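# below: sequence and its predicted model.
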Amino acid sequence: MGAFLSHLIVELLKIAAGVALFGVALRPHFAKTGKPAWQAFVPFLNLSAWAGLTKNSGVMVLLLLWAFPLPLWWMIMLSFLALAVLTLDTYKLYHPQLPGYWLYVLAWAGLAGLLNYLVPEGIGNLAINAALVLVSMAFLLVWGGGNYAFDREAYEATEFSFQQYAVKQFKKNIPAMASVYVLGFLILLAVFAPYVANQAPLYAEYRGETYFPAYTSVFQPTRVDTTLNESGKAERLQFDIANWKQMKLDKVVWAPVPFSPGKSDRYNRDYASPSGEQRYKRPDGEIVEAPFKFRHHLGTDQVGADVLAGLIHGTRISLTIGLISMGIATLIGVILGALSGYYGDTRLRTPRINYYLILLGLFLFLFYGGMLGRWGVGFIVFVAFTLIGGALGRLRIGWLSEEARVPMDTFVSRGIEILNSLPRLLIIITITAIFDRSMGLLMAIIGLTSWTGIARFTRAEFLRTRSLEFIDAARSLGYNEGRVIFRHALPNSLAPVFVSIAFGIASAILIESGLSFLGIGVPDDIVTWGQMLSKGRQEFEASWLVYWPGFAIFVTVTAYNLIGEALRDALDPKLKQ
């Protein structure tokens, strides 16, 4: 047991170091905003704890950063859950007979929810969750009963697997690895964009008060504070509209790019050149040549908005649209492709009454949604008809109770052909011209029109996989069709899908840029690369408005394409030496 405790203590010390480093830095800000200072440590406790749970922790860290800040008690719950799972992860190295993560996490979440409901509010959720973590750790300490030694050689010794082979092959592709690093840099830039490019300083001391304006612009953008000026009168300070550059700050730390996207610089309007003359108004009112810190290093547009700040914040928009739209397309394509390839036209059977009512409900869903714009009503009608059909199908109603074949493959294949025969860009332009522009609408449209390629790849893989021996073995064991499809067949059919997703994200970014260039993409108040390109055509001499956004689009799309090609080569078993 001593080896396990030593191992666990080392992991907890790593977490404590990360929590202390970031928590101490943010503590003055939380205290200034009137929140308990200890809350500054909570979000970074989440990040540090989750980062130690798995070898592939980068995705979890980025997701938590993207979702930050969460409500306080959600963050506390995540922190304790992360610590508990970390303890389990460490203990499993010494006791491989422990139950799976899913059982442990469900039991922990169920106890936490039950106790938080039963215990009076005055005791506090913090004490409840802390007690649960202590009980969980004690349970793990007593689980095995013996003093097992950690066999590192056995832990590190692994048999050959195609997954490990594919990773090694991918790492040998130098352009693809360079693209991964470029993409990682862009993701970090998108996550920390408000702190990299912001007209508000990261830290400022003004009239004896300490402020963190850049952090406040993210957490409390409309916050108002009151200070006393030199004459003793109250001075109102609203963070989102305050002109920090014109204030006589005692101490200040500016962001690397001290400008916000889309914000006008009245002294550098009308396409200020990156190498040309740029002006800056000092706090004392004198207008001088802009110092290096406050120069627009990539120039400005007609209203004086900084190009570099727009590029940085545009990264977040492009990556978000690419990832979420392809997430929608992947969900639809994988499900439809799996059902089409596994069942074909003859394997799926259902009572005729159920079959006809589902088709009628689907028609009404499209009618209410597409014709009347009432998708919620259509969905309720579809669910109702499906439930009624399932109930009537269990009754004996003569001919209507007989089983009918559902030509799932025909439905999906004809749907793919119809959607592919229509010009996707024209469909997107038509829909965006009818409805109010929004990021959510744009991501939904791109996702709903991009699933056909993923569905075709998934269908082809399922046609191959459904006749293999392990699928027959799963059926012979009595597993239901859903488990056979999603638990056994699907994991062995996703290799081509990953390649299609990588190319699809690049395509989604290009579509968004093209629509924004035409002025029918995201709303005008959101700065994107395509929108910046559109401004470049208004002034041909302002070449920087074309070069830099175009270069950003080129680099991002090329990175995704190179990653897709490398995945295609690495996941092809025919290329195995």
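Yes, it's here. These numbers were taken from a predicted model, which means no experiment stands behind them.

# please make it C-alpha for all contacts and neighbour counts, starting now.
Fine.

# so which residues of this structure form strands?
With DSSP state E as the criterion, the chain has strands at 203-206, 209-211, 224-228, 234-238, 251-253, 279-281, 287-289, 349-351, 403-405.

# within its sheet, name the partner strands of the third one and how each one runs.
Strand pairing for strand 224-228, using DSSP bridges, gives strand 234-238 (antiparallel).

# just to revisit the earlier point, can I get the strands of the chain in JSON lines with distance to residue 434 and mean pLDDT?
Formatted as JSON lines, the strands of the chain follow (distance: least, C-alpha to C-alpha, whole Å; pLDDT from 0 to 100):
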{"stretch": "strand 203-206", "distance to residue 434": "45", "mean pLDDT": "84"}
{"stretch": "strand 209-211", "distance to residue 434": "45", "mean pLDDT": "81"}
{"stretch": "strand 224-228", "distance to residue 434": "39", "mean pLDDT": "73"}
{"stretch": "strand 234-238", "distance to residue 434": "38", "mean pLDDT": "75"}
{"stretch": "strand 251-253", "distance to residue 434": "46", "mean pLDDT": "87"}
{"stretch": "strand 279-281", "distance to residue 434": "43", "mean pLDDT": "87"}
{"stretch": "strand 287-289", "distance to residue 434": "47", "mean pLDDT": "87"}
{"stretch": "strand 349-351", "distance to residue 434": "39", "mean pLDDT": "83"}
{"stretch": "strand 403-405", "distance to residue 434": "39", "mean pLDDT": "82"}
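
# mind checking those for the one nearest to residue 474?
strand 349-351 (19.5 Å; C-alpha to C-alpha).

# tell me how far the closest one is from the chain's mean position?
39 Å (C-alpha atoms, centre = their mean, to the nearest Å).

# now do that strand: which elements does it pack against?
Using 3 or more C-alpha pairs under 8 Å, 6 or more residues apart in numbering; DSSP states H and E, the elements in contact with strand 349-351 are strand 403-405.

# what's the strand it packs on in contact with?
345-352, 355 (C-alpha atoms under 8 Å, 6 or more residues apart in numbering).

# was I right about residue 333 contacting residue 454?
Yes: the criterion here is C-alpha atoms under 8 Å, and residue 333 meets it with residue 454 at 5.1 Å.

# mind listing what's buried along the biggest helix by length in the chain?
Assignment by DSSP state H gives helix 307-343 as the longest helix of the chain. Neighbour-count burial for helix 307-343, with 16 or more other C-alpha atoms under 10 Å as criterion, is recorded at 307-330, 332-343.

# hang on, the earlier thing: buried subset of the contacts of strand 403-405 as a ChimeraX selection?
To isolate the buried ones among those in ChimeraX, judged by 16+ other C-alpha under 10 Å, type:
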select :345,348,349,350,351,352,355
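
# distance to residue 297 for the contacts of strand 403-405 - can I get that in a markdown table?
Below are those laid out as a markdown table (distance: C-alpha to C-alpha, whole Å):
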| residue | distance to residue 297 |
| --- | --- |
| 345 | 61 |
| 346 | 64 |
| 347 | 63 |
| 348 | 62 |
| 349 | 65 |
| 350 | 66 |
| 351 | 69 |
| 352 | 69 |
| 355 | 64 |
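
# now, which of the contacts of strand 403-405 sits nearest residue 225?
residue 355 (63.6 Å).

# the closest one: what's it in contact with?
389, 404, 406.

# now do residue 272
278, 296, 299-301, 304.

# swap in residue 302?
Taking C-alpha under 8 Å, 6+ apart as the test, what residue 302 contacts is 269-271.

# tell me the pLDDT of residue 274.
You'll see residue 274 listed with a pLDDT of 87.

# nope, residue 215 is what I meant
Model confidence at residue 215 (pLDDT) stands at 78.

# wait, it sits on residue 201?
No: the pair residue 215 and residue 201 does not pass the contact test of C-alpha under 8 Å, sitting 9.0 Å apart.

# okay, these two: which has more neighbours?
residue 201 (23 against 19; other C-alpha atoms under 10 Å).

# ok, that one - contacts?
212-214, 244, 252-255, 258.

# at 6 Å what do you get?
213-214, 253-255 (C-alpha atoms under 6 Å, 6 or more residues apart in numbering).

# which of those count as buried?
Among those, the ones that count as buried by 16+ other C-alpha under 10 Å are 213-214, 254-255.

# which of the residues you listed fall within helices?
In helices, defined here by DSSP H, the members of those are 213-214.

# closest to residue 393 among the buried ones among the contacts of residue 201?
Set against residue 393, the nearest of those by C-alpha to C-alpha is residue 214 (60.9 Å).

# and the gap between the closest one and residue 171?
38 Å (C-alpha to C-alpha, to the nearest Å).

# repeat for residue 483
Distance from residue 483 to residue 171, by C-alpha to C-alpha: 33 Å.

# ok, those two, which is more surrounded?
residue 171 (16 against 13).

# the nearest residue to that one once chain neighbours are set aside: how many residues sit nearby?
Nearest non-adjacent residue to residue 171, counting by C-alpha to C-alpha, 6 or more residues apart in numbering: residue 177, 6.2 Å away. Applying other C-alpha under 10 Å, we find 17 residues neighbouring residue 177.

# quick one: residue 177 from residue 218, how far?
Using C-alpha to C-alpha, we find residue 177 at a distance of 33 Å from residue 218.

# where in the stretch 201-350 of the chain is pLDDT low?
For the stretch 201-350 of the chain, the stretches flagged by pLDDT under 70 are 229-230, 232.

# closest to residue 514 out of the strands of the chain?
strand 279-281 (33.6 Å).

# quick revisit: pick out whichever of the buried ones among the contacts of residue 201 sits closest to residue 383.
Once C-alpha to C-alpha is applied, the member of those that ends up nearest residue 383 is residue 214, at 47.1 Å.

# lowest-confidence helix or strand of this protein?
helix 58-67 (a mean of 44; mean pLDDT, DSSP states H and E).

# off-centre distance for stretch 489-496?
For stretch 489-496, the distance to the chain centre is 22 Å (C-alpha atoms, centre = their mean).

# who's in contact with that stretch?
Under C-alpha under 6 Å, 6+ apart, the answer for stretch 489-496 is residue 461.

# buried sites along it?
Quick answer for stretch 489-496 (16+ other C-alpha under 10 Å): 489-490, 493-496.

# surely residue 407 is in contact with residue 345?
Yes: with contacts counted by C-alpha atoms under 6 Å, residue 407 reaches residue 345, the gap being 4.0 Å.

# where does pLDDT dip in the stretch 451-577 of the chain?
572-577.

# just the pLDDT for residue 186.
91.

# got a list of what it touches?
Contact partners of residue 186, counting by C-alpha under 6 Å, 6+ apart, are absent.

# residue 281 now?
residue 287.

# okay, and the beta partners of it?
According to DSSP bridges, beta-bridge pairing links residue 281 with residue 287.

# please tell me how far residue 293 sits from residue 198.
13 Å.

# wait, residue 459
Here residue 459 is placed at a distance of 47 Å from residue 198 (C-alpha to C-alpha).

# and those two? which has more neighbours close in?
Neighbour totals were compared for residue 459 and residue 198, and residue 459 leads with 28 against 24 (other C-alpha under 10 Å).

# lovely, talk soon.
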